[in-house]
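Asker: okay, here's the prediction I keep looking at, along with the sequence it came from:
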Amino acid sequence: MRPLLALCVVVTLSLFACGGDATRGDQILFVASGDDDALDVFLTQADGRWIKNLTDHPASDFGATWSPDGRTIAFFSTRDEDVPSAAFADLYVMDADGSNVERVAEIKTVSRSGLSVASWNSDGHRLLYAEGYDLRITDVDGVVYDPNVESRFTHAWSPDGEQIVFFGVGDQTRDDVAHWSIHPYTLEAQRLFSPIREREPCGEDPRLLRTDEDRMKLAARLALSRPNGSINYDIQFSPATGDALYWLEVCRDGVINYELALRDRDFDDERMLTEDPEDEFIARWSPDGTRIAYVREPVNGPPSIWAMNADGTDKTLLAEDAGQFSWSPDGSRIAFVGTKEPGSYTLDDFAIFTVNADGTDRQLIVDGLGLIWTLEWSPVR
C-alpha cells in the first residue's frame, strides 16, 4: 500500500475525520486504476492533504461526476454484473462520502461509448447517460425514459433545462450525424448543426501512424487527455450567457484540424475562437463564464492546457504535458492530469496537479495511482 493512501484507506476513517465537509468546494473527485489496477472513485482535498477511495470495490467503478449541489455522486460500476465488464456497467448514485450506494439504471446493451460520464440536470434530479448508442434519461429514483435517439459519446443539458443537446442521430432513421436537441419532456428532436464539415478530401491524415513505436507513443500521450482513446464532440454552455462552446473539424493546408467555436443560445452566428495548425478541444468555461480553458495538441505532439477570454483573446499557456482538467468553483485554480517529468508518459509519472488560472503556482497533489481516467472539482465553493 502506498503511503499516499495510508491516511484514509489503511485506517478506516470517515471522510469528515480525514479533513473536510463533503459538500465544500475544496475537494476533487477522480477515477484512477489504484494499487490493484481496478478502477475506483477517489476523493482528495484540493491541497493533497488526504485522499479517500470512495468505492474500494473489486469491480470497475468509473465515470464519476458531482451533482450540482456537491452532495451526491453519480458513477458507473460493474459490481452487480455476472460478467464484470465495463461494457455492461450500470449507473449508480452515492452520497459524497461514499455511503448510500444505489443503482438507478441497469445497462442492458453493450456500451459503445467507452468509459462515459453521465450528465446531471441543473436541479440534480435527473441524469443523462448512454446505453450503447441510445440516449437515456433517468431520475434519481430509477425511473428511466427512452427518447429514441442515438447519442454518440456526448450529451449535455442546457442551462435552463429546456433542452438536451447531444452529438448523434436525431431519430434513428437519419444518416446525418450532427448536434441535435430534444426537449426533456416532450422528447421532440431538432437538428442543430454538424461540427463535421462537408468538404473536399483533406489529404492523408497525419495522425495515421505507420509504425508500432509511433502508435505506442501516441497512445501514451493520449492517455493524458482522453484515456478511453476517443475525442468527443461535446458542447459546453456558458454559465453567464448560455452561449454554446464546441469544437469542429476544419481542413487547413490539406490537414484536418480541430478548432474551437461559439454559437449563441439559438445556435446561430458561429464565431471561431481558434484558427491555428494545432488541435484545440476539451474546452470548459470558467464558473463565471469569462474565461475558457482548453487542450491544445500539435499533430502527433504532446498536449498542453491553455486559457483564453470568452472572445478568444489573451491566450495563455497554463501547463505543458497536461490533458484532462477541471476549474475550481471560484475560478481561481485548475486541477489537471499531467506528468511529473516533461515528456515522460509512463503511468508512474501520471499525477494530478493544481495551478493558478494564470499558470503560476503549480502544485502536485496526487501521484502513485496509475492512469487517471477522469477528474472533477467539487462545484460548491
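Answerer: Structure received.

Asker: helices along the stretch 151-300 of the chain, start to end?
Answerer: Ranges of helices within the stretch 151-300 of the chain are 212-225, based on DSSP state H, counting those that start in this stretch.

Asker: where does the protein have low pLDDT?
Answerer: By pLDDT under 70, the low-scoring segments of the chain are 1-25, 35-37, 81-87, 109-116, 151-153, 170-175, 197-201, 203-220, 227-231.

Asker: what's the end-to-end length of stretch 49-61?
Answerer: From its first residue to its last, stretch 49-61 covers 23 Å (CA to CA, to the nearest Å).

Asker: may I see the buried residues of it?
Answerer: By 16 or more other CB atoms under 10 Å, the buried positions in stretch 49-61 come out as 50-55, 57, 59-61. Any C-beta I mention is one placed from the backbone N, CA and C, and that applies to glycine too.

Asker: for Asp176, state which of those is nearest.
Answerer: Ser60 (34.2 Å; CB to CB).

Asker: who's in contact with the nearest residue to Val149 once chain neighbours are set aside?
Answerer: In this structure, Val149 finds its nearest non-sequential neighbour in Leu135, 5.1 Å apart by CB to CB, 6 or more residues apart in numbering. Neighbour list for Leu135: 128-129, 147, 149-151, 155, 164, 166, 168, 182 [criterion: CB atoms under 8 Å, 6 or more residues apart in numbering].

Asker: in which helix or strand would I find Leu135?
Answerer: If you go by DSSP states H and E, Leu135 is part of strand 134-139.

Asker: which parts of that strand are buried?
Answerer: Using 16+ other CB under 10 Å as the test for burial, strand 134-139 gives 134-138.

Asker: wait, which of the residues you listed is closest to Val299?
Answerer: Leu135 (31.9 Å).

Asker: check the spacing between the closest one and Glu162 real quick.
Answerer: Distance, Leu135 to Glu162, using CB to CB, to the nearest Å: 16 Å.

Asker: check Ile305 too.
Answerer: According to CB to CB, Ile305 and Glu162 sit 32 Å apart.

Asker: of the two, which one has the most company?
Answerer: Ile305 (28 against 11; other CB atoms under 10 Å).

Asker: in the sheet, which residues pair with that one? Tell me.
Answerer: Val295, Ala319 (DSSP bridges).

Asker: pretty sure it sits against Trp327.
Answerer: No. Counting by CB atoms under 8 Å, Ile305 sits too far from Trp327 to count as a contact (11.2 Å).

Asker: list the residues that are in contact with both of the two.
Answerer: In contact with both Ile305 and Trp327: 293, 334, using CB under 8 Å, 6+ apart.

Asker: neighbours of Gly132, how many?
Answerer: Per other CB under 10 Å, the neighbour tally for Gly132 reads 16.

Asker: please apply the same query to the one 10 residues further on.
Answerer: Number of residues near Gly142 (other CB under 10 Å) recorded here: 13.

Asker: which one of the buried residues of stretch 49-61 is nearest to Thr72?
Answerer: Of these, the one sitting nearest to Thr72 (CB to CB) turns out to be Leu54, at 11.9 Å.

Asker: thought Phe42 was touching the closest one, still the case?
Answerer: Yes. Here Leu54 reaches Phe42: they are 6.5 Å apart, a contact under CB under 8 Å.

Asker: before we move on, back to that, could you dump the buried residues of stretch 49-61 into a markdown table with secondary structure and distance to Gly98 added?
Answerer: Below are the buried residues of stretch 49-61 laid out as a markdown table (DSSP: H, G, I helix; E, B strand; the rest coil; distance: CB to CB, whole Å):
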| residue | secondary structure | distance to Gly98 |
| --- | --- | --- |
| Trp50 | coil | 14 |
| Ile51 | strand | 12 |
| Lys52 | strand | 7 |
| Asn53 | strand | 8 |
| Leu54 | coil | 4 |
| Thr55 | coil | 7 |
| His57 | coil | 10 |
| Ala59 | coil | 14 |
| Ser60 | coil | 16 |
| Asp61 | strand | 10 |
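
Asker: closest to Ser67 among those residues?
Answerer: Leu54 (14.1 Å).

Asker: what's near enough to touch that closest one?
Answerer: Neighbours of Leu54 in contact, by CB under 8 Å, 6+ apart: 40-43, 64, 73, 94, 97-98.
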